[in-house]
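>>> How does the following fold in three dimensions:
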Amino acid sequence: MKTFISSIILLLSIQLTFSQLTLTSQYNPVPGDIDSYAICDTANISQGNAGANQTWSFMNLVKVDSSDVHFVTSSSTPYNGQFTSSNLASSNDNSSYNYFTTSAANILFNGNGSPALVVPYSNPQLFMQYPFTYNSSFSDNFGGNYLNGGIPTIRTGTINVSGDAWGTINLPVGSFANALRVKYNIVTKDSSNPGAPLVVVTNLTSYVWFVPGKKYPVFEVIYTTLSYNGTIVASVKSVNYNARSTAIGIQQISTEIPAGFMLSQNYPNPFNPMTKLRFQIPVTSFVNIKVFDAIGREVTTLVNKDLKAGSYEADWDASAYPSGAYFYRLSAGDFSITKKMVLVK
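Reported below is the predicted structural model:
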């Protein structure tokens, strides 16, 4: 289920408006993006209160597992023929895929495909519409027909989304002001008759936190119940933490192929709180840029994706970090280089 929630939700852009975040389409995921997250122990973790100017504290998270969600072109997947309107797919196992259509106006979820089951939506699910901020809300219906073990099955569902809270979220990696919490409630009903009527209902409620400067949510609490013909048979709670969410603001500034790898000095330097990092890669490479504090602890990941040859610029918003010396390291193939920068507040 995390693959579905994190892959999509995430997929949102951020800007400041009246001290609150506004989600836009600028940072929809693109092929090559990776959303890495830790699955945490759920004990003593709850979503807290809704409303304005909240403070949420999740300082003692215990990691129990981890996963990476990879975004690819839908045309590169084995089920693309049944999702021809999609321009993006995601997977955390290179076997099962979720399919989306991303645009300037919204994100549509078109269904999923796996070796065991393919569920295309004839009526796509509206998963996000832009712009979206605190007190924004929308609802939608979705559905489609598919075969489950050769048995015709009808899927119908509803989604209700609201920006139900904003405030400060405290996490092990730091504190983030102006965080926006988005609440999702998705009810999915599958109806079939394999000899007797069978109605399977999945009810999912998730609370997802976006913070300034981060492309993907930094935290989420998810509640899921499953029922058969009106009887609840399973109830699950999940907690996911993304300490290394990709920073907002990476852009290609030249397609001219450079002579070699290069990482420039950040500018401005010293800075407060925004700075830019330029780099060049001569061949298509998987590029990783991480930031470390003065004693070598990783504080954030700015780039973590496949990039084509060219010149790029990445932004770092250090508003959540204290003054001091920091180091940023570019790794691409066998090339690696580290430089120093200074944050002065």
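>>> Give me the below-cutoff pLDDT ranges for the chain.
1-19, 26-27, 246-248 (pLDDT under 70).
>>> what does the domain assignment say about it?
Listed by automatic domain parsing, the domain ranges of the chain are 2-241, 251-343.
>>> Most tightly packed of the ones you listed?
domain 2-241 (a mean of 18; mean count of other Cβ atoms under 10 Å). The way it works is simple: take the backbone N, C-alpha and C, and place the C-beta from them, glycine included.
>>> Can you name every helix or strand that the strand or helix carrying Leu204 contacts?
Assigning secondary structure by DSSP states H and E places Leu204 in strand 198-210. Here strand 198-210 touches helix 2-8, strand 174-192, strand 219-228, going by 3 or more Cβ pairs under 8 Å, 6 or more residues apart in numbering; DSSP states H and E.
>>> In JSON lines: these, plus distance to Gly144.
Shown next, in JSON lines, are these (distance: least, Cβ to Cβ, whole Å):
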{"stretch": "helix 2-8", "distance to Gly144": "15"}
{"stretch": "strand 174-192", "distance to Gly144": "10"}
{"stretch": "strand 219-228", "distance to Gly144": "20"}
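>>> contacting residues around the nearest residue to Asn135 once chain neighbours are set aside?
In this structure, Asn135 finds its nearest non-sequential neighbour in Gly163, 5.8 Å apart by Cβ to Cβ, 6 or more residues apart in numbering. Counting by Cβ atoms under 8 Å, 6 or more residues apart in numbering, Gly163 touches Phe132, Thr133, Tyr134, Asn135, Ser136, Ser137, Leu180, Arg181, Val182, Lys183.
>>> who's in contact with the nearest residue to Phe335 once chain neighbours are set aside?
The spatial neighbour of Phe335 that comes closest, neighbours along the chain excluded (Cβ to Cβ, 6+ apart), is Phe261 at 4.3 Å. With contact taken as Cβ under 8 Å, 6+ apart, Phe261 is in contact with Phe279, Gln280, Ile281, Pro282, Leu330, Ala332, Phe335, Ile337.
>>> Backbone dihedrals for Phe261, please?
Phe261 adopts backbone torsions of phi -70, psi 150, taken as degrees, to the nearest 10.
>>> Could you tell me how far it is located from Ile337?
Phe261 sits 8 Å away from Ile337, going by Cβ to Cβ, to the nearest Å.
>>> biggest strand in the chain, by residue count?
Ordering each strand of the chain by length in residues (DSSP state E) puts strand 151-171 first.
>>> Convert that one to CSV, retaining C-alpha atoms only.
C-alpha atoms of strand 151-171 as CSV (Å, rounded to 0.1, in the frame of the first residue of the first chain):
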residue,chain,number,x,y,z
ILE,A,151,-14.0,-13.7,-12.6
PRO,A,152,-15.5,-10.4,-13.8
THR,A,153,-15.0,-7.8,-11.1
ILE,A,154,-16.3,-4.2,-10.9
ARG,A,155,-14.3,-1.7,-9.0
THR,A,156,-15.9,1.6,-7.7
GLY,A,157,-14.5,4.0,-5.3
THR,A,158,-14.4,7.5,-3.8
ILE,A,159,-11.6,9.8,-2.8
ASN,A,160,-11.7,12.8,-0.4
VAL,A,161,-8.7,15.0,0.0
SER,A,162,-8.2,18.0,2.3
GLY,A,163,-5.4,20.3,3.5
ASP,A,164,-6.5,19.7,7.1
ALA,A,165,-3.6,21.3,9.0
TRP,A,166,-0.4,23.3,9.0
GLY,A,167,2.3,24.1,11.5
THR,A,168,5.7,22.8,12.6
ILE,A,169,6.8,19.2,12.4
ASN,A,170,9.7,17.9,14.5
LEU,A,171,11.6,14.9,13.1
